[in-house]
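In: model this:
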Amino acid sequence: MMPKDAKIYVAGHRGMVGSAIVRELECQGYTNIITRTHKELDLCRQAEVEKFFEENRPDYVFLAAAKVGGIVANSSALADFMYQNMMLEMNVINAAWRTGCRKLQFLGSSCIYPRMAPQPMREDCLLTSSLEPTNEAYALAKISGLKYCEYLNRQYGTDFISVMPTNLYGPNDNYHPEHSHVLPALIRRFHEAKEAGAATVTCWGDGSPLREFLYVDDLANLCVFLMNNYSGNETVNAGTGKEVTIRQLTEMVANVVGYDGEILWDSTRPNGTPRKLLDVSKIHAMGWHHKVELAEGIALAYEDFLNNPIRAER
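Out: Below is the predicted model:
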């Protein structure tokens, strides 16, 4: 168990996941949380990261920093996604090991699993077949990070664990029209359509892919739970075990936003992976279950969008 006064470094604290972890830690009474902005510490610069760890020597690290994006961003900036994610995660994990960090938690993504993995996807299906081409670079970087944690555990006896969340959403999300994930992108698109009085909204693909969504505050609660209750080389899936089609999701978002126009589908655009459902039997067996259901979470996310105009313009 992490002592309440333990020195805890949350990498990526301004992002959706990192900020949720900070909120959860504070809510649970942790009092010695370390954060750094990108201007204060560039995680892609090895010398800067090593200096930070030497000077601060955190006891625990949540590695939530990452370069993230949706289908457009992932498929158009492959080299950037691989380089930046590989550099920052290797720098942080290596520096944590070298300075005697008690425990590190690496946050990945369900996109690490094969495109056509058996559903729901178990943790042991990793590297059994080909990845989804549209986010292969990001997936390879994340796989490298979790494998590095595993190899350090095996070679040096560290206690570095990896958590693989499903699709996330909630406060502090990115609503950029081209670089966001599907749910925040839909929130912005339907909000703007409602404001403009648009008769139709066109969505990508045919609406058939199945997706699972986890509210980010639920993930943060799980992250702290796992830091206190799990050790092992195998990654841990983080999700709800429930899925909806993109078409169903689109209708839910339109309903929450209050858009009553027609929804059209552009089947010339990519669908992405046909299905992505995580097997969450491991976390359920440990006694953890999500609390926020999708309809409630979308309403909370839309409220966040409306109350944060700067974030809405990103």
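
In: now do E212: how many residues are near it, please.
Out: When counting by other CB atoms under 10 Å, one arrives at 23 neighbours for E212. Glycine gets a C-beta too; all of them are placed from N, C-alpha and C.

In: so where do the strands sit in the stretch 51-200 of the chain?
Out: 60-63, 103-107, 160-165, 167-169, 200-204 (DSSP state E, counting those that start in this stretch).

In: looking at those, which is buried most?
Out: Highest mean neighbour count among the strands of the stretch 51-200 of the chain (mean count of other CB atoms under 10 Å): strand 60-63, with a mean of 26.

In: and the contacts of that strand?
Out: 2, 6-12, 18, 21, 89, 92-93, 96, 101-107, 145, 223, 227 (CB atoms under 8 Å, 6 or more residues apart in numbering).

In: I'd like to know which of those are buried.
Out: 2, 6-12, 18, 21, 89, 92-93, 96, 101, 103-107, 145, 223, 227 (16 or more other CB atoms under 10 Å).

In: got the angle for the helix or strand harbouring S19 vs strand 160-165?
Out: Assigned by DSSP states H and E, S19 belongs to helix 16-27. Compare the direction of helix 16-27 with that of strand 160-165 by axes from the mean of the first three to the mean of the last three CA atoms, to 10 degrees and you get 120 degrees.

In: could I get the average pLDDT for stretch 285-294?
Out: Per-residue pLDDT over stretch 285-294 has a mean of 98.

In: now the terminal residues of it, how far apart.
Out: Chord length of stretch 285-294, first to last residue, is 22 Å (CA to CA, to the nearest Å).

In: equivalent analysis for stretch 154-173, please.
Out: Note: stretch 154-173 ends 35 Å apart using CA to CA.

In: and stretch 91-105, by the same measure?
Out: In stretch 91-105, first residue to last residue: 14 Å (CA to CA).

In: give me the contact list for that stretch.
Out: Contact with stretch 91-105 is made by 2, 6, 11, 43-46, 49-50, 52-54, 57-63, 65, 106, 145, 148-149, 152, 156, 158-163, 223, 226-227, 231, as judged by CB under 8 Å, 6+ apart.

In: right, and P177 touches P184 too?
Out: No. Using CB atoms under 8 Å, P177 makes no contact with P184, being 10.0 Å away.

In: who's more crowded, these two?
Out: Comparing P177 with P184 by other CB under 10 Å, the one with more neighbours is P184, at 25 against 11.

In: can you pull the contacts of that one?
Out: P184 makes contact with Y169, D173, N174, Y175, A301, F305, according to CB under 8 Å, 6+ apart.

In: ditto for W265
Out: If you count contacts by CB under 8 Å, 6+ apart, W265 has them with T202, C203, W204, G205, D206, G207, R247.

In: what do you get for V22?
Out: Residues in contact with V22, defined by CB under 8 Å, 6+ apart, are V10, H13, I33, T35.

In: make CSV from the contacts of W265 and add distance to L278 and pLDDT to it.
Out: Shown next, in CSV, are the contacts of W265 (distance: CB to CB, whole Å; pLDDT from 0 to 100):
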residue, distance to L278, pLDDT
T202, 30, 95
C203, 24, 92
W204, 23, 86
G205, 21, 92
D206, 23, 94
G207, 21, 95
R247, 21, 96
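
In: and which of those is nearest R269?
Out: Checking the contacts of W265 against R269 with CB to CB, the nearest one is W204 at 3.8 Å.

In: pretty sure that closest one sits against T268.
Out: No. With contacts counted by CB under 8 Å, W204 stays clear of T268, the gap being 9.0 Å.

In: I appreciate the help and will end here.
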